[in-house]
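Peer 1: Fold the stuff below for me.
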Amino acid sequence: MPNNDRLLVQILLLGLLGASLWVLAPFWSALFWAAVLSFASWPVMRWLTRVLKGRQSVAAGLLTGVWIILVAVPLVVLGFNLADHIRDATALIKGFQVEGLPPPPSWLASVPLVGGRLVSIWETLDQQGSALFATVQPYLGQVGNFLLVRSAKIGGGFLELALSLILVFFFYRDGPRLAAFVESLLERLIGDRAQHYLELVAGTVQRVVNGVIGTAVAQALLAYIGFMIAGIPGALLLGLLTFACSLIMVPPLVWGPAVGWLIWQGEIGMAIFLGIWGFFIISGVDNILKPYLISRGGNLPLVVVLLGVFGGILAFGFMGLFLGPTLLAVAYSLLSDWVAHKAPAGLPPREERSPPL
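Peer 2: Have a look, this model is predicted:
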């Protein structure tokens with residue numbers, strides 16, 4: 001009878017755990033990013049707490065405010081600027097529909113091999129603009145629906161970000177208690193190796209954070225050098241934007257429009273240079289530097305880190321940049337422990353066992 005009662009209690013506990021995970025499922029992404037942000041900046045949190053003489057809630061509030069200023073405010077400004085550009089683009093398209101295209105730029109005819117053809121296409125579009133707009137009008141609705149769906153997803157991402165910035169305050173304030181709870185839970189599950197795996201996960205996440213930030217700094221510096229060589233105005237600001245875009249792995253959002261601007265200005269040679277520099281140097285360094293920085297200082301083989309980074313991104317999106325290496329690091333450590341484990345108690349060593357008949 002006691003065994004049946006114990007089984008019933010275990011079933012109830014599993015059901016309660018499953019229901020709790022179901023309730024938290026909509027917030028997994030926000031919880032994950034809040035945990036990553038708080039963990040990456042935990043040394044700053046400890047220093048600020050010491051400066052404020054142990055007032056952890058005040059330190060958590062101040063550091064959360066810094067994250068809001070650094071992350072949320074630029075994104076809000078970017079959203080308003082994007083809305084203005086969309087309005088300007090709509091007005092430009094309506095102007096083309098009514099007044100036609102402007103004269104072709106002077107550099108268009110000088111493009112080698114295809115310059116004359118491009119000018120002819122430009123003039124044809126100018127003459128048949130109304131017919132062209134009538135042809136593409138049925139597809140504009142589909143494009144609008146696509147953009148509406150994407151905008152809704154972006155809006156959901158902003159809401160998740162706002163929730164992450166709220167949750168990060170509680171991770172800062174209650175971080176030591178949460179860490180003690182997780183350690184106690186792991187000790188109940190895996191015994192003495194709990195501390196080892198906690199350090200393994202913590203070290204892996206810290207190296208991933210260092211790899212992401214270090215790669216973003218390198219890409220921003222390389223982008224600044226490329227913009228200076230190409231004569232792009234506002235090279236420093238564009239370099240800072242490259243740093244922000246590198247954190248989400250889309251630096252072409254900065255150097256790509258710069259290449260287009262150079263082409264519009266007739267600087268074809270510099271446009272080709274910046275396109276090659278952006279593709280092979282700015283974006284290409286991500287594939288080399290980030291895995292190296294993530295594997296540096298750990299005992300994981302570089303191939304495991306590479307598979308974790310790229311496989312994680314393919315499987316989980318940007319979140320997989322952290323999940324992939326962490327999961328493979330834990331799995332690799334578990335397999336290493338299992339292979340190196342001694343023979344179970346009661347069995348003689350391998351060399352003393354009787355050979356099979």
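
Peer 1: What segments of the stretch 201-350 of the chain are helices?
Peer 2: Remark: helices assigned in the stretch 201-350 of the chain by DSSP state H, counting those that start in this stretch are 235-247, 252-264, 268-276, 286-295, 302-316, 320-340.

Peer 1: CSV for these, including distance to Gly156, mean neighbour count and mean pLDDT?
Peer 2: Backbone N, C-alpha and C define where each C-beta goes, glycine included. As requested, those are exported to CSV (distance: least, C-beta to C-beta, whole Å; neighbours: other C-beta atoms under 10 Å; pLDDT from 0 to 100):
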stretch, distance to Gly156, mean neighbour count, mean pLDDT
helix 235-247, 19, 19, 84
helix 252-264, 20, 18, 88
helix 268-276, 33, 17, 91
helix 286-295, 26, 19, 83
helix 302-316, 17, 17, 82
helix 320-340, 19, 17, 81
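
Peer 1: Turn the ones you listed into TSV, columns for distance to Ile225.
Peer 2: Compiled in TSV, the helices of the stretch 201-350 of the chain are given as follows (distance: least, C-beta to C-beta, whole Å):
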stretch	distance to Ile225
helix 235-247	9
helix 252-264	11
helix 268-276	11
helix 286-295	15
helix 302-316	25
helix 320-340	26
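
Peer 1: closest one to Leu62 among the ones you listed?
Peer 2: Among these, helix 235-247 comes nearest to Leu62, with 22.4 Å by C-beta to C-beta.

Peer 1: Helix or strand with the lowest mean pLDDT in the chain?
Peer 2: The helix or strand of the chain with the poorest confidence is helix 73-99; it has a mean of 67 (mean pLDDT, DSSP states H and E).

Peer 1: mind listing what's buried in whichever helix or strand comes after that helix?
Peer 2: Sequence-wise, the next helix or strand downstream of helix 73-99 (DSSP states H and E) is helix 115-127. Going by neighbour count (16 or more other C-beta atoms under 10 Å), the buried part of helix 115-127 is Val119, Trp122, Asp126.

Peer 1: Relative to Ile248, which of the residues you listed is nearest.
Peer 2: Checking these against Ile248 with C-beta to C-beta, the nearest one is Trp122 at 35.7 Å.

Peer 1: I'd assumed Ala109 was in contact with the closest one.
Peer 2: No: using C-beta atoms under 8 Å as the test, Trp122 is too far from Ala109 to be in contact (9.7 Å).

Peer 1: Adding distance to Trp28 as columns, could you present the buried residues of helix 115-127 in CSV?
Peer 2: Conversion of those to CSV gives the following (distance: C-beta to C-beta, whole Å):
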residue, distance to Trp28
Val119, 55
Trp122, 51
Asp126, 52
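
Peer 1: closest to Leu52 among these?
Peer 2: Distance to Leu52 across the buried residues of helix 115-127 (C-beta to C-beta) is lowest for Trp122, with 63.9 Å.

Peer 1: For the residue nearest to Gly231 when sequence neighbours are not counted, give me its contacts.
Peer 2: Of all residues not flanking Gly231 in the chain, Met270 sits nearest, at 6.6 Å (C-beta to C-beta, 6 or more residues apart in numbering). By C-beta atoms under 8 Å, 6 or more residues apart in numbering, the contact list for Met270 reads Ala230, Gly231, Leu262.

Peer 1: Let's verify Leu48: helix, strand, or coil?
Peer 2: For Leu48, the assignment made with DSSP: H, G, I helix; E, B strand; the rest coil gives helix.

Peer 1: Enumerate every residue touching it.
Peer 2: Leu48 is in contact with Ala59, Leu62, Leu63, counting by C-beta under 8 Å, 6+ apart.

Peer 1: and if we set it to 6 Å?
Peer 2: By C-beta atoms under 6 Å, 6 or more residues apart in numbering, the contact list for Leu48 reads Ala59.

Peer 1: now what about the helix or strand Val36 falls within, what contacts it?
Peer 2: Assigned by DSSP H and E, Val36 falls within helix 28-40. With C-beta under 6 Å, 6+ apart as the test, helix 28-40 has contacts from Glu160, Leu163, Ser164, Leu167, Val168, Phe171, Tyr172, Val205, Val209.

Peer 1: Those residues in strands, which ones?
Peer 2: Of the contacts of helix 28-40, none are assigned to strands by DSSP state E.

Peer 1: Which of these fall within helices?
Peer 2: Those of the contacts of helix 28-40 mapping onto helices are Glu160, Leu163, Ser164, Leu167, Val168, Phe171, Tyr172, Val205, Val209, per DSSP state H.
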